[in-house]
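Undergrad: I would like to see how this sequence folds:
(one chain, ligands or ions: 3)
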Amino acid sequence: MAKTFDEIPLSRPATPLLDGIDRPEQLRALPREQLAQVVDELRAYLLYAVGQSGGHFGAGLGVVELTVALHYLFDTPEDRLVWDVGHQTYPHKILTGRREALPTIRQQGGLSGFPKRSESEFDTFGVGHSSTSISAALGMALGAEMAGKQRRTVAVIGDGAMTAGQAFEALNHAAHTKSNLLVILNDNNMSISHNVGGLANYFARIWASKTYIALREGGKRVLSAMPAAWDFLRRTEESMKNMVSPDALFESIGFNYIGPMDGHDLDELLTTLTNLRDLKGPQLLHIYTTKGKGFAPAEADPIGYHAINKIEPKKRLQQAIPKPGPQIKYQDVFGRFLCDAAARDDRLVAITPAMCEGSGMLEYSQQFPERFHDVAICEQHALTLAAGLACEGQKPVVAIYSTFLQRAYDQLIHDVALQDLDVTLGIDRAGIVGEDGATHGGVFDIGYLRCVPNMIIAAPADENECRQLLYTAWQHPGPSAVRYPRGTGPGVPMVEQFTALPIGKARTLRDGRQVAILSFGTLLPAAMAAADALGATVVDMRWVKPLDEILIRELATSHNLLVTLEDHQLMAGAGSAVSEYLAASAITVPVLHLGLPDTFIHHGKREALLAELGLDAAGIEQSIRDRLRLLDVRAARG
Ligand SMILES: Cc1ncc(C[n+]2csc(CCOP(=O)(O)OP(=O)(O)O)c2C)c(N)n1
Ligand SMILES: CC(=O)[C@@H](O)[C@H](O)COP(=O)(O)O
Ligand SMILES: [Mg+2]
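TA: Numbers count the residues shown, from 1 in each chain. Ligands and ions are numbered 1, 2, ... in the order given. Alright, predicted model coming up:
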C-alpha cells in the first residue's frame, strides 16, 4: 500500500533505486518486485522536489503508479506517451533523465512545467492547454502506420480534460480509423475545482457501480448452476446495464472499454497494461486515482493543492520580508466586482470554464449559486452559452484566462460580436504569466480582439481602475473585454462606488515635454518612473478600442516622440492600433512601440521576464533615450 506523508520533506529523501534510473531502460531492467519501492521513492522525491520548487502538485502525486507502470511496460520513447495538460508529468520527468533538474522546474532556464518536445525525447508532445492528447496521439498512431512502424501509442487524459469537446472529436475519429491507440482515462473526480457536468456524474456512477460489477462477476459464478436464477440475473443485468454500465458511453463510440480499476494498485496496473498493450484497435482503460495521493493534506484538499508555492523552511519564515502595501490580486478585484454588481442587478450571471478559484469567483459562486456556471473545460461552450443568455436580456460575464480564450475565438466572433450581444469578458492572466510559460502566455488577446467589429477593449492600470472598467464594460450593451494580469496591482485602493467611465477616453497623469508615453495596462508604474527621469508626458490610455483619438492627435502635434507601452505582443498590439490611427489620419510623428517581441516568452518570474524584455522603468527609459539619440542623429543629417 502506498506510503502516505503528512509533511513535505525539507531534506532530500534516500532514493537508492530512483538514483539509478536516468532513463526508463534502467527502470525496465529492475525485477517487477522492486517496482513498489520505486513508486515509494518516486513519490517521496516528488514531494521533496516540488517543496523546493513549487509548482503543480496534486495531479503528479496521483499518477506515480501509472507513470512507473507505463515506462516499465512500454518501450518509451519509441512507444509514444502523450500526457494531457501535462501538469501531472513531474514523475514522468523524474524517470526520464530529469530527476536532478526537477527542483528547477518552472524557473527561468529550468525545466518547463509541462512536457516540451525541445526539452526531452520522452516529451512526445507539447501540452499545457487541456484535451489535446487524444488528437495528438491519434495523429502519431496514424503517422506510425503510414511509416510502417509497429510502435504503440498511449494518451493519458484526466476526467476534467475529458469534458472538453476536442477530446470527443478525437475519440470519434479514433473509432472511425480503428487505429491502434490506448487512451487511459485518469479519473480522480477532480478538475482544478471538483469536476462538473453529466460526464462527471456518469464517471461517478461507474465507480459506484463497482459493487454492481463485483456482484455481477460473483453472481455469475454462483448462479450459473441455477438456470432460472441465472436468467433472472441476466434480465436484471440488462436493466441495470442501461443505468450504470461503465462501457456504454465509450463502447458505443467504438472503443473497447476496460475498467474501472484502481490506478494506485501497481500489480493490477501492470497486469492490465500488459494485457492491453498489444491489443489492436482503440482501447480505453478507465482508472480511478486520488489527486494528491500519498500526501494527506493534498488528498484532503485537492483544490488547494492543485499547485503549491515553494516551501519556506520555518527558520526563513521568522525573518519574513515586511508585507507590502494593501495589494490584492486582480482575480480578487474581479470577484469583488462580480459580487457587488450582482447584488445591484439580477441580470448579472457569471460563467467560468473550470477556473473558478483561479478567476477569483469562489465567494461569488457561494453568494450567487443560481447565477454561477462552471461549465467544465469548455471555453467554446462558455462563450456561446453567454451569447444565449444575452439573447434573453441577461448580462453575462465570462471569466476566462487570456490564453484559454484562444480556444473560443470563433464563438466570440460568430456568436457574440457578429450579433452584437451584451457579453462581458473578464480576461485574466493577460500579458506575461511567468512560471506557466509560453503555453499560458496571455499575450495575443489585444491582437485577436481589436480586429473584431463591435468589440470594446479596456486595459486598466491598477486595482481600482480594473474595478471601474469592469463595471463600465459590463454596463455597455454590447461585446466588451477587460484585460488584467496575473498577480497583484500597485496597491491602489478600490473605490466602493461604481463609476461608469467614459468609453474611449484616456487620462493624462503627467504633462511633460518632447516625449509622450501612452501606457496600455498595468505597466503604468514603470512608465511613470521612466517619465520622471525623462520629464515626459504620461497617459494611462485605459482603452485599446476605441482609442482616445483626440488625445493622440493632440499629443502628436505637441511632442517629438510618442511611445506606446503594453504587456502584449508588439505585432497587432495596442501600439499598432495607435500607428494605424496616425497613418489613417496622415499624422506624421516618430513613434516607438514597447512591448513583447515576435517570439514565445518561456517560463520564469513575471517581473524578471518583463525586466529582461526592457519593460521595467530602466528599460523603458533606455529605449526612449536610444530613440531620441537616433532622431537627433537623423535631424543632424538633415
Ligand atoms: C483549455 C484549458 N482550459 C483550462 C485549463 C486549466 N486547467 C489546468 S489543469 C485543469 C484541470 C484538469 O483536470 P483533469 O484533466 O481531470 O486533471 P487532474 O488535475 O485532475 O489530474 C484545468 C482546468 C487548461 N490547462 N487548458
Ligand atoms: C495547468 C493549468 O493550466 C493550470 O493549473 C494553470 O497553471 C493555472 O494558472 P494560474 O496558476 O495562473 O491560476
Ligand atoms: Mg481529474
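Undergrad: Need phi/psi at the closest residue to ligand 1 within the stretch 451-600 of the chain.
TA: Each residue of the stretch 451-600 of the chain has a distance to ligand 1, by C-beta to the nearest ligand atom, and the smallest belongs to Arg486, at 13.1 Å. Quick note: C-beta positions are derived from backbone N, CA and C, even for glycine. Per-residue torsions, Arg486: phi -70, psi 140 (degrees, to the nearest 10).
Undergrad: give me every residue that touches it.
TA: When the contact criterion is C-beta atoms under 8 Å, 6 or more residues apart in numbering, the partners of Arg486 are Tyr330, Asp428, Arg429, Gly431, Val433, Gly434, Gly442, Arg606.
Undergrad: ditto for Leu509
TA: Taking C-beta under 8 Å, 6+ apart as the criterion, Leu509 is in contact with Leu524, Met528, Val538, Val539, Asp540.
Undergrad: which residues are contacting the top helix by length along the chain?
TA: For the chain, the longest helix by residue count, based on DSSP state H, is helix 617-637. Residues external to helix 617-637 that are found in contact with it (C-beta under 8 Å, 6+ apart): 514-515, 517, 525-527, 529-530, 533-534, 536, 560-561, 563, 565, 590, 592, 594, 611, 613-614.
Undergrad: Among the residues you listed, name the ones in helices.
TA: Cross-referencing these with the helices (criterion: DSSP H) gives Pro525, Ala526, Ala527, Ala529, Ala530, Ala533, Leu534, Ala611 as the overlap.
Undergrad: ok, the second one touching Ala611?
TA: Read it as Ala526. No: applying C-beta atoms under 8 Å as the test, Ala526 and Ala611 come out as separate, 9.2 Å apart.
Undergrad: if you count what's nearby, which of the two comes out ahead?
TA: For Ala526 versus Ala611, the count of surrounding residues by other C-beta atoms under 10 Å is larger for Ala526: 22 against 15.
Undergrad: So which residues on the stretch 451-600 of the chain come close to ligand 2?
TA: Taking C-beta under 6 Å from any ligand atom as the contact definition, the stretch 451-600 of the chain meets ligand 2 at Arg486.
Undergrad: ok, Val515 to His593 distance?
TA: Taking C-beta to C-beta, to the nearest Å as the criterion, Val515 is separated from His593 by 14 Å.
Undergrad: Of the two, give the one with the bigger neighbour count.
TA: Val515 (24 against 19).
Undergrad: Would you mind measuring from the more buried one to ligand 2?
TA: The spacing between Val515 and ligand 2, counted by C-beta to the nearest ligand atom, to the nearest Å, is 34 Å.
Undergrad: Also Gly139?
TA: With C-beta to the nearest ligand atom as the criterion, Gly139 and ligand 2 are 22 Å apart.
Undergrad: Could you do Ile624 as well?
TA: Here the distance between Ile624 and ligand 2 works out to 31 Å (C-beta to the nearest ligand atom).
Undergrad: With Thr153 instead?
TA: If you go by C-beta to the nearest ligand atom, the gap between Thr153 and ligand 2 works out to 23 Å.
Undergrad: Where does the prediction get shaky in this structure?
TA: The chain contains residues with pLDDT under 70 at 1-2, 210-247, 313-326.
Undergrad: list the contacts for the closest residue to Pro597 other than its chain neighbours?
TA: Counting by C-beta to C-beta, 6 or more residues apart in numbering, the nearest residue to Pro597 once its immediate chain neighbours are dropped is Leu570, at 6.7 Å. With contacts defined as C-beta under 8 Å, 6+ apart, the neighbours of Leu570 are Ser576, His593, Leu594, Gly595, Leu596, Pro597, Asp598.
Undergrad: ditto for Thr89
TA: Applying C-beta under 8 Å, 6+ apart as the definition, the contact partners of Thr89 turn out to be Gly60, Trp83, Phe114, Pro115, Asp123.
Undergrad: OK, contacts around Leu285?
TA: Contacts for Leu285 were tallied using C-beta under 8 Å, 6+ apart; they are Leu182, Val183, Ile184, Leu185, Ile258, Gly259, Met261, Thr272, Leu273, Leu276.
Undergrad: and which of those residues is nearest Leu284?
TA: When the contacts of Leu285 are compared for distance to Leu284, the smallest value, 4.7 Å, is given by Val183; criterion: C-beta to C-beta.
Undergrad: phi, psi of that closest one?
TA: Backbone geometry at Val183, expressed as degrees, to the nearest 10, gives phi -100, psi 130.
Undergrad: Could you check how far it is from ligand 1?
TA: Using C-beta to the nearest ligand atom, we find Val183 at a distance of 13 Å from ligand 1.
Undergrad: Any idea how many residues pack against that residue?
TA: 28.
Undergrad: hey, what's it bridged with?
TA: In this structure, Val183 bridges to Ala155, Leu284 when assessed by DSSP bridges.
Undergrad: Go ahead and confirm it touches Leu171.
TA: Yes: the pair formed by Val183 and Leu171 meets the contact definition of C-beta under 8 Å, at 7.3 Å.
Undergrad: What residues does the stretch 101-250 of the chain have near ligand 3?
TA: Near ligand 3, the residues belonging to the stretch 101-250 of the chain are Gly158, Asp159, Gly160, Asn188, Met190 when assessed by C-beta under 5 Å from the ion.
Undergrad: what about the helices in the stretch 1-150 of the chain?
TA: Secondary structure of the stretch 1-150 of the chain by DSSP state H, counting those that start in this stretch: the helices cover 24-28, 35-53, 58-61, 64-73, 90-93, 133-146.
Undergrad: contacting residues around the fourth one?
TA: The set of residues that contact helix 64-73 without belonging to it, under C-beta under 8 Å, 6+ apart, is 2, 24, 27-28, 32, 35, 38-39, 42-43, 46, 76, 81, 91-92, 95-96, 154, 156, 184, 186, 263-266, 269-270, 273-274, 277, 287, 289, 293-294.
Undergrad: picking that back up, turn the residues of the stretch 101-250 of the chain next to ligand 3 into JSON lines, including neighbour count, distance to ligand 2 and secondary structure.
TA: Converted to JSON lines, those look like this (neighbours: other C-beta atoms under 10 Å; distance: C-beta to the nearest ligand atom, whole Å; DSSP: H, G, I helix; E, B strand; the rest coil):
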{"residue": "Gly158", "neighbour count": "30", "distance to ligand 2": "11", "secondary structure": "strand"}
{"residue": "Asp159", "neighbour count": "25", "distance to ligand 2": "15", "secondary structure": "coil"}
{"residue": "Gly160", "neighbour count": "30", "distance to ligand 2": "10", "secondary structure": "coil"}
{"residue": "Asn188", "neighbour count": "24", "distance to ligand 2": "14", "secondary structure": "coil"}
{"residue": "Met190", "neighbour count": "22", "distance to ligand 2": "12", "secondary structure": "strand"}
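Undergrad: Single out the residue in the protein that lies closest to ligand 3.
TA: Gly158 (3.8 Å; C-beta to the ion).
Undergrad: what's the nearest residue to that residue if we skip its chain neighbours?
TA: Counting by C-beta to C-beta, 6+ apart, Gly158 lies nearest to Asn186, which is 5.1 Å off, once chain neighbours are set aside.
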